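> Structure of the sequence below:
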Amino acid sequence: MSETRFDALCIGNAICDVFSHIEEDFLVEENLIKGSMRLIDTDEAVRLFGKMGQTVRVSGGSAGNTAAGIASLGGRPAYFGKVAEDELGDSYHHDMNGTGVYFNTPRLREWKPTARSMILITPDGERTMNTYLGACTEFGPSDVDEDVVAASAVTYMEGYLWDPEEAKKAFLKAAEVAHLNGRKVGLTLSDSFCVDRYRSEFLSLLSDKVVDLLFANEHELRALFETADLDTAIAAARETGALTALTLGADGAMIIDGEETVKVAAQKVDNVVDLTGAGDLFASGFLFGLARDYKYSDAAELGCLCAASVISHVGARPDRPLKNLAAQSGFEV
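Purely as a prediction, here's the structure:
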């Protein structure tokens with residue numbers, strides 16, 4: 001096995017997040033499902049942006065957020081994702097490398113601009129995402145740097161990659177390279193609507209042992225196994241043999257490893273501002289913990305700490321060094 005250079009390689013859609021606080025009525029007027037993610041075209045992106053009012057813009061994307069969180073903990077993350085040679089692409093590239101993430105995916109020089117997700121935040125902190133994928137759809141197998149995959153302890157990929165066909169091929173190529181080099185492969189289910197689109201394929205990834213680590217929240221896990229009962233979904237996850245990291249919102253998280261189940265409590269949050277990125281940052285803490293040989297319970301507690309920090313402010317990335325926060329909480333980072 002080659003030397004481990006990176007704690008985790010995160011692969012996903014490189015998206016610039018555009019946040020706006022709105023009232024519940026706005027969702028009703030726009031006929032939007034609260035808490036969902038929908039893909040939109042260029043015209044809809046322009047129309048909706050014009051109705052959003054004041055916005056905050058930051059680099060995002062699920063796996064990108066996870067990579068940034070690992071870097072904030074003092075870890076060594078890498079990232080694959082496609083941006084264009086435009087203003088947003090410049091900003092995204094600068095942000096990722098500036099946070100300590102190794103990001104060197106070739107940029108798109110052609111017709112599609114860098115992706116953006118317009119995130120509508122209601123007063124309860126829930127987010128509704130409207131995503132224009134743009135350059136993301138051009139990520140493919142040629143963008144997979146095999147040396148980086150081989151040097152990463154875990155290759156972690158987001159379920160949203162399953163939308164563009166070429167990205168799906170890149171996912172499978174990266175998984176093959178990871179396993180050939182004795183590395184682990186992780187998948188986050190992304191959201192329940194994504195699961196509904198690709199349930200059979202996600203289940204095949206698990207049954208074929210393409211995926212070793214599964215990340216999900218309770219809604220996504222129930223959707224994957226088509227049950228309203230969480231215990232039934234947990235039992236089904238156990239049967240896959242994958243190490244499953246299940247987030248439970250205010251009830252914390254559960255780690256399922258064969259017959260072993262570890263549950264940890266959520267961190268107290270005085271003021272929930274924005275739930276965007278909670279699952280992404282939980283994955284940051286858990287993956288960092290795995291890379292540092294933490295016990296599952298400690299890795300999950302670190303994940304909950306990271307999630308609690310990110311939902312205390314607007315945006316899906318840390319607003320202060322997570323390494324300092326973790327150290328103050330007794331973690332060795």
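
> I'd like the mean pLDDT over stretch 140-157, please.
Summarised as a single mean, pLDDT over stretch 140-157 is 97.

> mind checking the end-to-end distance for it?
Using CA to CA, to the nearest Å, the span of stretch 140-157 from its first residue to its last is 13 Å.

> got it, and stretch 100-109?
This stretch, stretch 100-109, spans 25 Å end to end (CA to CA).

> for the stretch 51-200 of the chain, what spans make up the helices?
Taking DSSP state H, counting those that start in this stretch, the helices of the stretch 51-200 of the chain run over residues 62-72, 87-98, 146-150, 165-180, 192-207.

> Relative to residue 283, which of these is closest?
helix 62-72 (4.7 Å; CB to CB). The way it works is simple: take the backbone N, C-alpha and C, and place the C-beta from them, glycine included.

> what's the angle from that closest one to helix 87-98?
Taking axes from the mean of the first three to the mean of the last three CA atoms, to 10 degrees, one finds that helix 62-72 is oriented at 30 degrees with respect to helix 87-98.

> residues in contact with residue 218?
Going by CB atoms under 8 Å, 6 or more residues apart in numbering, residue 218 touches 230, 233, 246, 247, 248, 249.

> okay, it: pLDDT?
On the pLDDT scale, residue 218 gets 95.

> So which of the contacts of residue 218 wins on neighbours?
Counting neighbours by other CB atoms under 10 Å, residue 247 comes out on top of the contacts of residue 218 with 26 neighbours.

> So for the residue nearest to the spatial centre of the chain, what's the nearest residue that isn't a sequence neighbour?
Nearest to the mean C-alpha position of the chain, counting by CA atoms, centre = their mean, stands residue 62 at 3.1 Å. Nearest non-adjacent residue to residue 62, counting by CB to CB, 6 or more residues apart in numbering: residue 158, 4.5 Å away.

> I figured that neighbour hits residue 65, correct?
No. In this structure, residue 158 is not within contact of residue 65 by CB atoms under 8 Å, at 9.8 Å.

> In helices only, show me the contacts of residue 218.
230, 233 (DSSP state H).

> just the contacts of residue 218 now: which is nearest residue 7?
For residue 7, the closest of these turns out to be residue 247, at 20.0 Å, with distances computed as CB to CB.

> circling back: and the two most separated of the contacts of residue 218?
Farthest apart among the contacts of residue 218 - using CB to CB - are 233 and 249, which lie 15.0 Å from each other.

> Could you report the distance from residue 189 to residue 72?
Counting by CB to CB, to the nearest Å, the gap from residue 189 to residue 72 is 24 Å.

> Lowest-scoring secondary structure element of this structure by mean pLDDT?
Among the secondary structure pieces of the chain, namely its helices and strands, strand 56-60 has the lowest mean (mean pLDDT, DSSP states H and E), a mean of 83.

> so what does that strand touch, helix or strand wise?
For strand 56-60, the contact count by 3 or more CB pairs under 8 Å, 6 or more residues apart in numbering; DSSP states H and E identifies strand 15-21, helix 87-98 as packing neighbours.

> who touches that strand?
Strand 56-60 is contacted from outside by 14-20, 68, 91-92, 95-96, 117, 277, 314-317, using CB under 8 Å, 6+ apart.

> same thing but at 10 Å, please
Strand 56-60 is contacted from outside by 12-21, 65, 68, 81, 83, 88, 91-96, 98-99, 114-117, 119, 121, 129, 131, 274, 276-277, 280, 314-317, 319, using CB atoms under 10 Å, 6 or more residues apart in numbering.

> re the thing from before, which neighbours do residue 158 and residue 65 have in common?
Shared contacts of residue 158 and residue 65, defined by CB under 10 Å, 6+ apart, comprise 10, 12, 280, 283.
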